[in-house]
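> I would like to see how this sequence folds:
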Amino acid sequence: MSRPGAAELLARLVAFDTTSHRSNLALIDFVEQYLADYGISARRVLNADGNKANLYATIGPAERGGVMLSGHTDTVPVTGQSWRVEPFAVTDDGERLYGRGTADMKGFLAAVLAAVPAMVEADLAVPIHLALSHDEEVGCLGVRSLIADLAEQPQPPVACVVGEPTEMRIATAHKGKRAVRCHVHGKACHSGMAPEGVNAIHAASQLVAWVAEIAADKAEHGPFDDRFGIAHTTLQVGTIEGGAALNIVPADCVFDFEIRNVPADDPEAMLAALHAEAATIETRMRETDPAASIRFESLSEYPGLSMAEDDAVVAYIQALVEDAERARIGYGTEAGLFQRDLGLPTLVCGPGSMAQGHQPDEFVTHAQLVRCSAFLARLIDALECADAPEQLAGHARFSG
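The predicted structure is shown next:
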C-alpha cells in the first residue's frame with residue numbers, strides 16, 4: 001500500500017469544504033476509510049442532526065490510557081475574502097501550501113494521518129488516540145459531545161496535544177472566552193416628545209460604557225499573566241444595532257460583547273456585576289414604561305487553559321519538540337475544555353501560525369509540516385519505551 005505524505009494528505013483534506021455551516025461527514029468518511037485501510041477502527045460521535053461527526057480512534061494497547069492527538073475539522077468561511085488561489089484546493093509554490101485550513105488546522109491532521117502507518121507498526125507501550133472534532137470555529141461546540149463520550153470510557157486518554165498552529169512551540173495556557181448578546185427594549189415615541197419614551201440606545205450605551213470601563217480597569221490593574229502577549233483580561237463590544245430613524249425614540253437596541261479572560265480572572269463575576277448594573281438601569285426605564293427590559297443571551301463560551309509549568313506532561317512533550325521557547329497564544333482552543341471537563345493534562349502545539357489562520361491565501365510551510373512529522377516520530381519512539389507510563393508519573397490512568 002502506498003503511503004501518502006503530509007502534503008498529499010493535506011491536499012485531500014483541504015478539498016473538503018468543511019466551513020462550519022456545512023457538514024463534515026465527507027471528510028470523516030475519508031479519514032475513517034483511511035484508518036480502516038491500516039486496520040484501525042474508529043468511533044463516530046454524531047451531532048443531534050446527524051449531519052456532523054466527531055471521530056475517535058485508538059492505536060496501541062486499548063487497556064491503557066494514552067496520549068490523544070486532537071484537532072478540529074471545520075474551517076472559517078472564505079466569503080468576502082480576496083483569494084489569489086482556489087481556497088479549497090492546495091496550491092504548492094515549493095515553500096508554502098496555500099488553502100483554507102492549511103494552518104488552522106488541517107496541516108496538523110494531515111501530519112498525524114501521515115504518521116499512522118508508523119504508529120501501527122510501532123510496539124507501543126502507551127496508545128495513541130486520534131480525535132477529530134467539528135464546530136470548533138463557532139464556539140468549540142462539537143467536541144463537547146466527544147468529551148461526554150470519553151468520560152464514559154473505561155480507559156480515556158490521560159494526556160492530550162491539541163494541534164492548533166503554534167509554529168511547533170508548546171503553549172501551556174490560553175484565555176477563556178464568553179460571548180454575550182444584550183437585548184435592550186424601551187418604548188418608541190416621536191423624538192419631539194422624547195421624555196415620554198424610553199430610549200433603548202441610551203440605556204444600551206450606559207452598558208457599553210460599563211464594558212469599556214471594566215476593560216480599562218483590567219488593563220491597569222490586572223490580574224496579569226505573562227504567558228500571554230496581552231497579559232490581562234480584555235473586554236470589547238463588537239457589534240451594536242438599534243433605532244429606525246432620527247425622529248423616533250428607539251424602542252430596541254442590541255449589542256454583542258465578549259470577555260477574553262486570563263485563567264486567574266473570573267468572567268462570571270464580571271457578568272454578575274454587569275447584570276447588577278443592568279438591573280439598576282432597567283428599574284429606571286420601568287419608571288416610564290413597565291414593559292421596558294434588558295435581557296442577556298449567551299452566544300458561546302469556553303474555558304481557558306492553564307497547565308502548571310512543572311507538570312509531568314509538559315516536561316514529557318517539551319522534550320519531544322525542537323523549540324524550547326514557549327508559545328504565547330491569543331486565541332482559544334478546545335484544550336481548556338479537555339482540561340476542565342476531563343481533568344486531562346493538555347498542551348497546544350501544531351504546525352503553522354495563526355497569523356495565517358482565517359486570512360485569505362492561508363498557508364502552512366513545508367518546513368512546518370516536516371517539524372510536526374519529526375515531533376510525531378519522536379512521540380511514537382517515546383511511547384514504545386517500556387517505561388513510558390512511568391515517565392508520565394502522577395497520571396494513574398496510565399497504569400491500566
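> from here on, contacts and neighbour counts on C-alpha atoms
Noted.
> Please, where are all the helices along the chain?
All helices of the chain, identified by DSSP state H, fall at 6-14, 25-37, 107-114, 116-121, 143-151, 200-221, 267-286, 312-318, 335-342, 366-384, 388-391.
> Look at residue 339 and say how many residues are nearby.
20 (other C-alpha atoms under 10 Å).
> circling back to that earlier point, same list as before, the helices of the chain that is, but in JSON lines and with mean pLDDT included.
Listed next are the helices of the chain as JSON lines, based on pLDDT from 0 to 100:
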{"stretch": "helix 6-14", "mean pLDDT": "98"}
{"stretch": "helix 25-37", "mean pLDDT": "98"}
{"stretch": "helix 107-114", "mean pLDDT": "98"}
{"stretch": "helix 116-121", "mean pLDDT": "98"}
{"stretch": "helix 143-151", "mean pLDDT": "96"}
{"stretch": "helix 200-221", "mean pLDDT": "98"}
{"stretch": "helix 267-286", "mean pLDDT": "97"}
{"stretch": "helix 312-318", "mean pLDDT": "91"}
{"stretch": "helix 335-342", "mean pLDDT": "96"}
{"stretch": "helix 366-384", "mean pLDDT": "97"}
{"stretch": "helix 388-391", "mean pLDDT": "67"}
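> now, of the ones you listed, which is deepest in the fold?
Mean neighbour count (mean count of other C-alpha atoms under 10 Å) peaks for helix 107-114 among those, with a mean of 27.
> you'd agree residue 88 is up against residue 13?
No - using C-alpha atoms under 8 Å as the test, residue 88 is too far from residue 13 to be in contact (9.0 Å).
> quick one on the thing from earlier: how about the helices of the chain, which one is nearest residue 84?
helix 6-14 (16.0 Å; C-alpha to C-alpha).
> Show me what the closest one is packed up against.
Applying 3 or more C-alpha pairs under 8 Å, 6 or more residues apart in numbering; DSSP states H and E, one finds that helix 6-14 makes contact with helix 107-114, helix 366-384.
> Mind listing residues that contact the shortest one?
Contacting residues not belonging to helix 107-114 are listed as 3-7, 9-10, 13, 69, 71, 101, 163-165, 350-352, 364, 369, 372-373, 376 [C-alpha atoms under 8 Å, 6 or more residues apart in numbering].
> For the helices and strands packed on helix 6-14, could you give me TSV that also reports distance to residue 20?
Shown next, in TSV, are the helices and strands packed on helix 6-14 (distance: least, C-alpha to C-alpha, whole Å):
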stretch	distance to residue 20
helix 107-114	17
helix 366-384	24
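> quick one: which of these is nearest residue 341?
helix 107-114 (23.2 Å).
> related to what we said a few turns ago, looking at the helices and strands packed on helix 6-14, spot the one closest to residue 293.
helix 107-114 (47.1 Å).
> Return the alpha-carbon coordinates of the closest one using CSV.
As requested, the backbone C-alpha atoms of helix 107-114 are provided in CSV (Å, rounded to 0.1, in the frame of the first residue of the first chain):
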residue,chain,number,x,y,z
GLY,A,107,-2.0,20.7,8.4
PHE,A,108,-1.8,19.1,11.8
LEU,A,109,-4.4,16.5,10.9
ALA,A,110,-2.5,15.7,7.7
ALA,A,111,0.7,15.2,9.5
VAL,A,112,-1.0,12.9,12.1
LEU,A,113,-2.6,10.8,9.4
ALA,A,114,0.7,10.5,7.5
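> Which residues are in contact with residue 189?
196-197, 248-250.
> try 6 Å this time
Counting by C-alpha atoms under 6 Å, 6 or more residues apart in numbering, residue 189 touches 197, 248-249.
> any chance of those residues in CSV, with distance to residue 94, neighbour count and pLDDT too?
Formatted as CSV, these follow (distance: C-alpha to C-alpha, whole Å; neighbours: other C-alpha atoms under 10 Å; pLDDT from 0 to 100):
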residue, distance to residue 94, neighbour count, pLDDT
197, 65, 20, 98
248, 60, 18, 98
249, 60, 26, 98
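> Switch these over to TSV; also include distance to residue 21.
What follows is these, written out as TSV (distance: C-alpha to C-alpha, whole Å):
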residue	distance to residue 21
197	40
248	37
249	37
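> and which of those residues is nearest residue 143?
residue 249 (44.2 Å).
> my read: that closest one touches residue 188, true?
Yes - using C-alpha atoms under 6 Å, residue 249 makes contact with residue 188 at a distance of 5.0 Å.
> right, and the helices of the chain - which one's nearest residue 77?
Taking the helices of the chain one by one with C-alpha to C-alpha, helix 6-14 is closest: 12.8 Å.
> Please work out the angle formed by the directions of the closest one and helix 25-37.
140 degrees (axes from the mean of the first three to the mean of the last three C-alpha atoms, to 10 degrees).
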